[in-house]
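In: Quick one: sequence and predicted model below, then my questions.
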Amino acid sequence: MYPNQLEEELCKYFTVCYKTTSDEYSVTSLQFAINALNRYFNGETSKIKPINLNNKKAHPDLWRTLNGKIKTLSASGYGETNGSDALTIDKVQRILLHPQTSKLNPKGLLNGIFF
């Protein structure tokens with residue numbers, strides 16, 4: 001019974017969800033939300049595990065709702081992804097020479113790992 005109720009509640013939520021600034025969430029944010037909810041519901045404290053929200057056959061209404069929302073967001077310009085630039089050699093050298101990650105400073109890596 002609970003998977004159907006959960007799916008219904010998630011459909012209602014994703015249909016009307018907005019940021020606190022009244023802007024729409026991005027498509028990526030919705031995907032992250034589904035993954036976070038999936039991890040939570042399968043975690044140690046959840047009483048409704050196992051559940052796989054990524055299973056489109058088990059939760060067809062949820063995925064129809066999400067697909068509709070994603071199409072709407074994409075048409076409104078919220079579906080664009082921001083790519084990332086590759087690190088330059090200079091940036092990599094600055095990271096490696098930083099006191100917290102430098103091999104020249106033995107405490108740098110130890111503090112970063114253990115403390």
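Out: Looks like it came in fine. Remember, it's a predicted structure, so these values are computed and weren't measured experimentally.
In: can you tell me how far the spatially most central residue of the chain sits from residue 40?
Out: For the chain, residue 32 is the residue whose C-alpha lies nearest the centre (Cα atoms, centre = their mean; 2.1 Å). In this structure, residue 32 lies at 12 Å from residue 40, with Cβ to Cβ, to the nearest Å as the measure. (C-beta placed from N, C-alpha, C; glycine too.)
In: pLDDT below threshold where in the protein?
Out: Along the chain, the parts satisfying pLDDT under 70 run over 1-3, 79-87, 96-115.
In: which residues in it form helices?
Out: Counting by DSSP state H, the chain has helices at residues 2-16, 27-41, 60-75, 89-97, 106-114.
In: now the first one, how far from the chain's geometric center?
Out: Relative to the mean C-alpha coordinate of its chain, helix 2-16 is positioned 18 Å out (Cα atoms, centre = their mean, to the nearest Å).
In: do the longest one as well
Out: Helix 60-75 has its C-alpha centroid displaced from the chain centroid by 16 Å (Cα atoms, centre = their mean).
In: can you pull the buried residues of that helix?
Out: By neighbour count, with 16 or more other Cβ atoms under 10 Å as the criterion, the buried positions of helix 60-75 are 62, 63, 65, 66, 69, 70, 73.
In: who are the neighbours in contact with the second one?
Out: Spelled out, it's residue 63. Taking Cβ atoms under 8 Å, 6 or more residues apart in numbering, we find residue 63 in contact with residue 56.
In: now the fifth one
Out: With contacts defined as Cβ under 8 Å, 6+ apart, the neighbours of residue 69 are 14, 15, 30.
In: Look up how far residue 33 lies from the second one.
Out: Separation of residue 15 from residue 33 (Cβ to Cβ) stands at 13 Å.
In: One more: the first one?
Out: Counting by Cβ to Cβ, the gap from residue 14 to residue 33 is 8 Å.
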